[in-house]
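Peer 1: generate a structure from the sequence data that follows.
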Amino acid sequence: GSTIIFFFSRMIHEKGFADKEKAVYREVVRQNVASAVMGVLTEMEENGVEFGTEELRVRYSSQL
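Peer 2: Predicted structure coming up:
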């Protein structure tokens, strides 16, 4: 929410972020993406939505 607005505002109106800040945000973004993907995969499983290929199903199962 508001963190994203602050982040983009700073990118547009200032010179960006120091390397240390980038590292912190990078980890936050990775965690958010991983959480979102796991949420989608969990919903797929709970609602009986199948993967397009067996290879994808195996890859997902090995990540749990």
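Peer 1: what about residue 51, which SS state?
Peer 2: Under DSSP: H, G, I helix; E, B strand; the rest coil, residue 51 falls in the coil class.
Peer 1: name the residue closest to the centre of the chain, please.
Peer 2: Nearest to the geometric centre of the chain sits residue 33, at 0.5 Å (C-alpha atoms, centre = their mean).
Peer 1: quick one: low-confidence parts of this structure?
Peer 2: Scanning the chain for pLDDT under 70 picks out 1-2, 12, 14, 16, 60, 63-64.
Peer 1: please, where are all the helices along it?
Peer 2: Using DSSP state H, the helices of the chain run over residues 2-13, 19-46, 54-63.
Peer 1: how far away from the center of its chain is the last one?
Peer 2: Between the centre of helix 54-63 and the centre of its chain there are 18 Å (C-alpha atoms, centre = their mean, to the nearest Å).
Peer 1: go on, the second one?
Peer 2: Counting by C-alpha atoms, centre = their mean, helix 19-46 is centred 3 Å from the centre of its parent chain.
Peer 1: okay, the angle between it and helix 54-63?
Peer 2: For helix 19-46 against helix 54-63, the angle by axes from the mean of the first three to the mean of the last three C-alpha atoms, to 10 degrees is 120 degrees.
Peer 1: buried stuff in helix 19-46?
Peer 2: Of all the residues in helix 19-46, those buried under the rule 16 or more other C-beta atoms under 10 Å are residue 41. Yep, even glycine has a C-beta here, placed from its N, CA and C like the rest.
Peer 1: so that it lines up with my notes, have the first residue be 9 from now on.
Peer 2: Let's use 9 as the start, then, which means that last one is helix 27-54.
Peer 1: what angle separates that helix from helix 10-21?
Peer 2: Using the same axes, to 10 degrees, the inter-axis angle of helix 27-54 relative to helix 10-21 is 140 degrees.
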